[in-house]
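1. Below are the sequence and a predicted model; questions follow.
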Amino acid sequence: MFLENNFTGSKLSGCIEVITGSMFSGKTEELIRRIKRAEIAKQNVGIYKPEIDKRYSEKNVVSHDAKSISAIPVQSAKDIIELSKNNEVVGIDEAQFFENDLVEVCNHLANTGKRVIVAALDMDFKGNPFGPVPQLMAIAEYVTKVHAICMRCGNLAHYSHRLSDTEKLVILGEKDIYEPLCRTCYTKAIEGKNKEPELFDNI
Ligand code: ZN
């Protein structure tokens, strides 16, 4: 499994790394780990996140276990280009909430020599690929999928199952709204909600 580029010594060449998985899979912890190591290597780092993510604090990227690191909220992915001019390493958290132009922005940053590390949910609560994330995974040099633990059986979890019934796509999650589930338990949970599983609705 890819863990991390070894960027010691000479000038960096740009690249894109994607860290992705379900809720509670440790994506943000892994982003923070890589950014802190870049700081130890005395690289100029910047972290950005969409303004929508106001769960904990305006300025910090905070993982669920309360590790935090300073981040700049931006309204659109394009804002990152100007703000990250002096960064050698650009971290982007909660990237699923950006528009599709994030893909172009990440390519631009990497093409100008920056190491871009993106943390994002891979799927929404319906199990569909989330926003710009599938395209980012396709163009990235390195993709790391991390997993949570299934709340029902203890296997590796792949899905973010929403416990409430609302259809709204953007609900920023806490443990009482989402539970990580493996494929088997997720399928059972969805079947329990609808007699006809929604996976087959369109077939
Ligand atoms: Zn399970």
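-> Yes, it's here.
2. From now on I want contacts and neighbour counts done on CA atoms only, so please keep to that.
-> Noted.
3. Quick one: list the elements packing against whatever helix or strand residue 187 lives in.
-> With secondary structure defined by DSSP states H and E, residue 187 is part of helix 183-193. Identification of packing neighbours for helix 183-193 by 3 or more CA pairs under 8 Å, 6 or more residues apart in numbering; DSSP states H and E yields strand 159-162.
4. chain center to the strand it packs on, what's the gap?
-> In terms of CA atoms, centre = their mean, to the nearest Å, the centre of strand 159-162 is found 15 Å from the chain centre.
5. ok, the following helix or strand past that strand: who's next to it in the sheet?
-> Moving toward the C-terminus from strand 159-162, the next helix or strand (DSSP H and E) is strand 178-181. With DSSP bridges as the criterion, the sheet partners recorded for strand 178-181 are strand 159-162 (antiparallel).
6. ok, back up a step: can you list the buried residues in the helix holding residue 187?
-> Applying a neighbour-count criterion of 16 or more other CA atoms under 10 Å, the buried positions in helix 183-193 are 183, 185, 186, 187, 189, 190.
7. Kindly report the same for stretch 95-111.
-> Of the residues in stretch 95-111, those buried by neighbour count under the rule 16+ other CA under 10 Å are 95, 96, 97, 98, 102, 103, 105, 106, 107, 109, 110.
8. Same check on stretch 148-157?
-> By neighbour count, and taking 16+ other CA under 10 Å as the criterion, the buried residues in stretch 148-157 are 148, 149, 150, 155, 156, 157.
9. So residue 49, which state does it fall into?
-> Secondary structure, DSSP: H, G, I helix; E, B strand; the rest coil: residue 49 is strand.
10. partners of it in the sheet?
-> Beta-bridge partners of residue 49, as defined by DSSP bridges: residue 73.
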